[in-house]
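Trainee: Quick one, fold the following:
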Amino acid sequence: MARHRKRKSVIFENIITTISTNFINLQPDEIDNEINHALRTISQATRVERSCIVLFSSDDGDESASSGVRPAACTHAWSAPEIVIQNRPLDTVSATTWPWLQSRITRGEIVNVPLISALPAEAEVERRVCRAQSIQSFVVIPMTYRGDVVGYLKFDALRAQKTWSDHTIALLKTVGEIFVNALEHKRAQEALQFANLTLEARVKARTQEIERRQRVAEGLRDILVVLNSDRPIGEILDYLVAQACALLDSSACVLYRVNQEERRILVEASFGLPEPFLAIKSLPLHAWQYLSHGEPGGLHFDRLPYAITDLDTSKPDSIDSITTAEQDRDLHNWRQATLDHYRALFTVPLVIKEEFYGSLGFYYADSRQFSDEDIRLGMSFGNQAALAIENARLRVQAEQAAILQERSRLARDLHDSVTQLLYSLTLLVEAGRRLARSGDWARVDEALARLSQISQQAFKEMRLLVYELRPLALRRAGLVRALQQRLDTVERRAGIEATLTVDGNVELPARLEEELYHIAQEALNNALKHAAATTITVYILADERRIALEIRDDGKGLDLSTAGGEGGIGLSSMHERAEKLGGALTITSVPGQGTTVSVTVSL
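Mentor: So this is what the prediction gives:
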């Protein structure tokens, strides 16, 4: 008999050992299936008909948890086939159905009940539940993690009474530890995956935002070229409103000019207007209040941007108040066409040398919430339109020599202005928004001029960040494919012509590949961040005796005798890695002629 028990004990120990081995290096998505399989194996080996894992809620803010009653949920369960057929219920232990057992579990006590009738008087509720479910015996093993009870294992014997030995219970406790560690690992991995996905989504959104700003910057540069050309002012303004319409995603854009002498509002340029608008070339001056561009009246025209997110609910003035008299007919038709075709609009003022000139209006077919960036971009187009108009005035008013001199001055002013605006479109900084809202334009210009040079570098480094957030492909793919992935993901997407050339069969020890990869990565990072390179070439030569790696760029180069600021720490790191491999690293660089980093390691 003793020998039989010993043999059964050894068999059970082997089962637990196998279960423990199966959980080594298990992927998170495989854990639940493995737990269910283990529950079935243990239940069949110990001759019980039902088993389950119950986990307590980890919500610390739950009122029931603070009162000592911990909500629980059955996460894994197994029942013998005959139990499933009979559809016998499996009640989760709670303060209502199992009050005595709940208190024992939360204290971390193992509850071994070989005979239901032997339950104490205070466990009367449990006795009734067990009888109702035909439970003959049960054992409950609390599962703890870092000193806290996080759930429990429960095994029910329904066909016959069951006695669990101390040795068996100790093994079941080990199983509980295996399960809880696996479940906590799964939870941690899922939390990490969620965090990574969230971060990647934010990075992707930020990258898209920067890419959009780059498109805007390129559009503004194109406008700058047109503004400095000899084209007629009408052609320049038509081009500007078309570009503004495209870059601000509006359905139409209109440049209004206020003529105080004739007391008319002139449509100087437009893009995207449907047929009902095209025949109307001007409106009476009092139309200003109906066009939603501020209050009428000489120098008191509103000089702030103005937005209506939904014309259906925010009409500034009822169209019914406009008469159909001859002088108001155009205004009536214009307003009616606006309400028929558009649901949102915003306008920005045009001010030239402190004189109110008019406004730039953007119209949208659907209701829309306007961001601060939308308003700032609209203001930038308004400023450029004002500068274009001022430039045209100067060309008409001065002689040819004076025109050339003034155009040169305006070109410098336009260049400085656009450079500052490019930064405002590339990086949204809270300080700049506050200054803009307060109207402190002088300090805004100073801040933008100082930061404008980093917009392209921000785009490149964002590409690098996206790449570095991804798992390193080195161990899975090897040195060559990892470097190719790096060049495809970072350098080429940043607009750099990047090539990788391999001569020979590159099969290296993992440690050597890792060190060479980090040397290459440091060299590539230096070229990306500091060299302003347009071409990067990576060359690998491998034979039976050595491995050689070369990274060459056509950037601005550097003076190696004073290279402490740009990549100084990185250069030292590359030398240290090469020395660790017993190799030799050389760096060749001439200011203005690029940089070459070479490392050779004997095999």
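
Trainee: end-to-end on stretch 537-551?
Mentor: Across stretch 537-551, the straight-line distance between its terminal residues is 6 Å, by C-alpha to C-alpha, to the nearest Å.

Trainee: err, stretch 120-140, not the other one
Mentor: Its start and end residues considered, stretch 120-140 measures 16 Å (C-alpha to C-alpha).

Trainee: just stretch 117-126 next, same as before
Mentor: End-to-end distance for stretch 117-126: 10 Å, by C-alpha to C-alpha.

Trainee: what's in contact with it?
Mentor: Identification of contacts with stretch 117-126 by C-beta atoms under 8 Å, 6 or more residues apart in numbering yields Thr97, Trp98, Pro99, Trp100, Leu101, Val113, Arg127, Cys130. In short, each C-beta sits where N, CA and C put it, glycine included.

Trainee: can you pull the buried residues of it?
Mentor: Neighbour counts using 16 or more other C-beta atoms under 10 Å place Leu119, Ala123, Glu126 of stretch 117-126 among the buried residues.

Trainee: Include secondary structure, pLDDT and distance to Ile83 when you put these into a markdown table, please.
Mentor: Supplementary listing: the buried residues of stretch 117-126 in a markdown table, determined by DSSP: H, G, I helix; E, B strand; the rest coil; pLDDT from 0 to 100; distance: C-beta to C-beta, whole Å:
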| residue | secondary structure | pLDDT | distance to Ile83 |
| --- | --- | --- | --- |
| Leu119 | coil | 91 | 22 |
| Ala123 | helix | 90 | 23 |
| Glu126 | helix | 88 | 19 |
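
Trainee: Nearest to Glu30 among the residues you listed?
Mentor: Taking C-beta to C-beta as the measure, Glu126 is the one of the buried residues of stretch 117-126 closest to Glu30, at 35.3 Å.

Trainee: State the distance from that closest one to Ser371.
Mentor: Glu126 sits 61 Å away from Ser371 when distances are taken as C-beta to C-beta, to the nearest Å.

Trainee: that's a helix at Arg329, yeah?
Mentor: Yes: in this structure, Arg329 lies within a helix as judged by DSSP: H, G, I helix; E, B strand; the rest coil.

Trainee: Tally up the residues packed near it, please.
Mentor: For Arg329, the number of neighbouring residues by other C-beta atoms under 10 Å comes to 14.

Trainee: Cross-check the contact I'm expecting between Val538 and Leu483.
Mentor: Yes: between Val538 and Leu483 there is a contact under C-beta atoms under 8 Å: 5.9 Å.

Trainee: and for these two, which residues touch both?
Mentor: By C-beta under 8 Å, 6+ apart, Val538 and Leu483 have these common neighbours: Leu500, Ala520.

Trainee: any chance of the buried residues of stretch 117-126 in a markdown table, plus distance to Glu218?
Mentor: Conversion of the buried residues of stretch 117-126 to a markdown table gives the following (distance: C-beta to C-beta, whole Å):
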| residue | distance to Glu218 |
| --- | --- |
| Leu119 | 79 |
| Ala123 | 77 |
| Glu126 | 74 |
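
Trainee: hang on, the earlier thing: in helices only, show me the contacts of stretch 117-126.
Mentor: Those of those mapping onto helices are Pro99, Trp100, Leu101, Arg127, Cys130, per DSSP state H.

Trainee: most neighbours, which of the residues you listed?
Mentor: Using other C-beta under 10 Å as the neighbour test, these are led by Leu101, with 24 neighbours.

Trainee: distance of that one from Glu177?
Mentor: Between Leu101 and Glu177 the distance, using C-beta to C-beta, works out to 21 Å.

Trainee: just Gln208 next, same as before
Mentor: Counting by C-beta to C-beta, the separation of Gln208 from Glu177 is 46 Å.

Trainee: more crowded one of these two?
Mentor: Using other C-beta under 10 Å as the criterion, Gln208 and Glu177 rank with Glu177 on top: 15 against 10.

Trainee: so the more buried one sits right up against Pro142, yeah?
Mentor: No: contact between Glu177 and Pro142 fails when scored by C-beta under 8 Å: they sit 10.7 Å apart.

Trainee: Give the residues shared as contacts by these two.
Mentor: Taking C-beta under 8 Å, 6+ apart as the contact rule, Glu177 and Pro142 have no neighbour in common.

Trainee: Now the closest residue to His341 other than its chain neighbours. Its backbone dihedrals?
Mentor: When the adjacent residues along the chain are set aside, His341 lies closest to Pro274, with 5.7 Å between them (C-beta to C-beta, 6 or more residues apart in numbering). Backbone torsions for Pro274, taken as degrees, to the nearest 10, come to phi -70, psi 170.

Trainee: Read off the pLDDT value for Pro274.
Mentor: Looking at Pro274, its pLDDT stands at 90.

Trainee: Next, the contact list for it, please.
Mentor: By C-beta under 8 Å, 6+ apart, the residues touching Pro274 are Ala252, Ala337, His341.

Trainee: What separation is there between it and Ser251?
Mentor: Taking C-beta to C-beta as the measure, Pro274 falls 9 Å from Ser251.

Trainee: Go ahead and confirm Ile16 touches Ala170.
Mentor: No: look at Ile16 against Ala170 with C-beta under 8 Å: they stay out of range, at 9.9 Å.

Trainee: Tell me which of those two has more neighbours.
Mentor: Neighbour count, other C-beta under 10 Å: between Ile16 and Ala170, Ile16 has more, with 20 against 13.

Trainee: For the stretch 51-200 of the chain, just list every one of the helices.
Mentor: Listed in chain order, the helices found in the stretch 51-200 of the chain under DSSP state H, counting those that start in this stretch are 63-66, 81-86, 99-106, 124-132, 166-227.

Trainee: Just name the most buried of those.
Mentor: For the helices of the stretch 51-200 of the chain, the largest average neighbour count (mean count of other C-beta atoms under 10 Å) is found in helix 99-106, namely a mean of 19.

Trainee: Which positions in stretch 383-393 come out as buried?
Mentor: Applying a neighbour-count criterion of 16+ other C-beta under 10 Å, the buried positions in stretch 383-393 are Asn383, Gln384, Ala385, Ala386, Leu387, Ala388, Ile389, Glu390, Asn391, Ala392.

Trainee: chain center to it: distance?
Mentor: 39 Å (C-alpha atoms, centre = their mean, to the nearest Å).

Trainee: With stretch 364-372 instead?
Mentor: For stretch 364-372, the distance from its own C-alpha centre to the chain's C-alpha centre is 23 Å (C-alpha atoms, centre = their mean).

Trainee: between the buried residues of stretch 383-393, which is nearest Ala532?
Mentor: Nearest to Ala532 among the buried residues of stretch 383-393 is Gln384, at 27.3 Å by C-beta to C-beta.

Trainee: Ala385 touches Leu237, doesn't it?
Mentor: Yes: at 6.6 Å, Ala385 and Leu237 qualify as touching, with contact defined as C-beta under 8 Å.

Trainee: what do these two both touch?
Mentor: Each of Leu255 lies in contact with both Ala385 and Leu237 under the rule C-beta under 8 Å, 6+ apart.

Trainee: Flag the shaky bits of the stretch 451-600 of the chain, pLDDT-wise.
Mentor: Low-confidence segments of the stretch 451-600 of the chain, defined by pLDDT under 70, are located at 451-475, 562-569.

Trainee: And the helices in it?
Mentor: 455-469, 474-486, 510-526, 568-580.

Trainee: Going by neighbour count, which residues in the longest one are buried?
Mentor: Using 16+ other C-beta under 10 Å as the test for burial, helix 510-526 gives 513-517, 519-526.

Trainee: by contact count, what packs against it?
Mentor: Of the remaining helices and strands, those touching helix 510-526 by 3 or more C-beta pairs under 8 Å, 6 or more residues apart in numbering; DSSP states H and E are helix 474-486, strand 535-542, strand 546-553, helix 568-580, strand 595-602.

Trainee: List the contacts of that helix.
Mentor: The set of residues external to helix 510-526 that reach it, using C-beta under 8 Å, 6+ apart, is 464, 474-475, 478-479, 482-483, 486-487, 490-491, 508, 536, 538, 547, 549, 551, 566-567, 570-571, 573-574, 577-578, 580-581, 585, 595, 597, 599, 601.
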